[in-house]
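Student: What follows is a protein structure lacking sequence information:
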Ligand code: NCD
């Protein structure tokens, strides 16, 4: 039996469908908090959240920091470029050092799959996976579910097309798990070289034609071509990629009315999605970022607000 709430958030599987629903329900409350003149509650006063980011990040890191502060937690920042990592300190020793200062949660991003799982074995703190290599990015999937639920009413029954560099995308892996757990029908669209090797074992459809699936979907979820994770030439050229796999203005015009255009950011405008398409009202990129703060508040609340006797602290005034 899985414990709920879990101690760590390493994978979407730590939550399951009921856990995802619970995060969304809590995020509704924290969205309301975020709209107040003083968008802050005392819920996690006295708790400390440490940020351990070994990889570049703009939105995920700022979003976790803002979420922790809005819950009145203290935040310990960590910048790899100015830390003892540059003197050769291992991840294990770095986690042990941070843990010795007694944080309640450590938010970990690393270029290698599995590092947050390992970190969880080396600390008493709750560990939150903020992206590990090609593996998972659970809070991104949660904020994406929350955005679809907010815009379309529910994730269940929605037809979601995930488009682009799926092979190297932790966002796609966590997204597929979360969307299918909630009852969406997911279709992956990508060149064969950018599909994951084990895609047959995923509960998804796969199509090699964006044009065939466009007119029959509720969401197109675009992904960045993650060149920094590619060790070989998987595409002839970005221009040819855009011609065949890009969400161009012409293709976007064939989407059903009301279909959403989503993307986790950062976007390479004009490569995976045309700039004009990103500026339309059905593109949800900024909403995804905004919802990310409330969703991460919900995650921090779930993991940290249970007292030792198992009772949850109040949600805050
Ligand atoms: C993604 C990531 O880092 O996994 N961005 C994000 O967290 N919003 C996607 C990407 O880098 O393309």
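Tutor: Received, thanks. It should be emphasised that the depicted structure is a prediction, and the values quoted were computed from it without experimental measurement.

Student: count of neighbours near residue 240?
Tutor: Residue 240: 12 surrounding residues under other CB atoms under 10 Å. Heads up, the C-betas are built off the backbone N, CA and C, glycines and all.

Student: Excluding covalently adjacent residues, which one is nearest to residue 290?
Tutor: Among residues not flanking residue 290 along the chain, residue 34 sits closest, at 8.0 Å (CB to CB, 6 or more residues apart in numbering).

Student: unless I'm mixing things up, that neighbour is touching residue 294, no?
Tutor: Yes. Between residue 34 and residue 294 a contact is recorded at 5.6 Å, counting by CB atoms under 8 Å.

Student: more neighbours, these two?
Tutor: Taking neighbours as other CB under 10 Å, residue 34 and residue 294 compare with residue 294 leading, 26 against 18.

Student: Report pLDDT for that one.
Tutor: Note on residue 294: pLDDT of 98.

Student: what packs against whatever helix or strand it lives in?
Tutor: In this structure, residue 294 sits in helix 285-304 according to DSSP states H and E. Packing partners of helix 285-304 (3 or more CB pairs under 8 Å, 6 or more residues apart in numbering; DSSP states H and E): helix 16-34, helix 59-70, strand 105-110, strand 126-132, helix 138-152.

Student: JSON lines please, covering those and showing mean pLDDT.
Tutor: Below are these laid out as JSON lines (pLDDT from 0 to 100):
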{"stretch": "helix 16-34", "mean pLDDT": "97"}
{"stretch": "helix 59-70", "mean pLDDT": "98"}
{"stretch": "strand 105-110", "mean pLDDT": "97"}
{"stretch": "strand 126-132", "mean pLDDT": "98"}
{"stretch": "helix 138-152", "mean pLDDT": "98"}
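
Student: and of those, who's closest to residue 52?
Tutor: Across these, residue 52 has its closest neighbour in strand 105-110 (4.8 Å, CB to CB).

Student: what angle sits between that closest one and helix 138-152?
Tutor: Per axes from the mean of the first three to the mean of the last three CA atoms, to 10 degrees, the angle that strand 105-110 makes with helix 138-152 is 100 degrees.

Student: C-terminal to strand 105-110, what's the next element?
Tutor: Per DSSP H and E, the first helix or strand lying C-terminal to strand 105-110 is helix 115-121.

Student: Show me which residues of that following helix are buried.
Tutor: By neighbour count on 16 or more other CB atoms under 10 Å, the buried set for helix 115-121 is 115, 116, 117, 118, 119, 120.

Student: give me the beta-bridge partners of the nearest residue to the second one once chain neighbours are set aside?
Tutor: Of all residues beyond its chain neighbours, the one nearest residue 116 is residue 129 (4.0 Å), with distances taken as CB to CB, 6+ apart. Under the criterion DSSP bridges, residue 129 forms beta bridges with residue 108.

Student: Spell out which residues sit in contact with residue 129, please.
Tutor: Residue 129 is in contact with 8, 9, 10, 11, 108, 116, 117, 136, 137, 138, 139, counting by CB atoms under 8 Å, 6 or more residues apart in numbering.

Student: cool, residue 176 as well?
Tutor: 162, 186, 188, 202, 203, 204.

Student: now swap in residue 264 and tell me
Tutor: The neighbourhood of residue 264, defined by CB under 8 Å, 6+ apart, consists of 137, 140, 144, 171, 223, 224, 288.

Student: Pick the one among those residues closest to the ligand.
Tutor: Comparing the contacts of residue 264 against the ligand with CB to the nearest ligand atom places residue 224 closest, at 3.7 Å.

Student: before we move on, the earlier item: the residue nearest to residue 116 and the ligand, how far apart?
Tutor: Computed as CB to the nearest ligand atom, to the nearest Å, the residue 129 to the ligand distance reads 11 Å.
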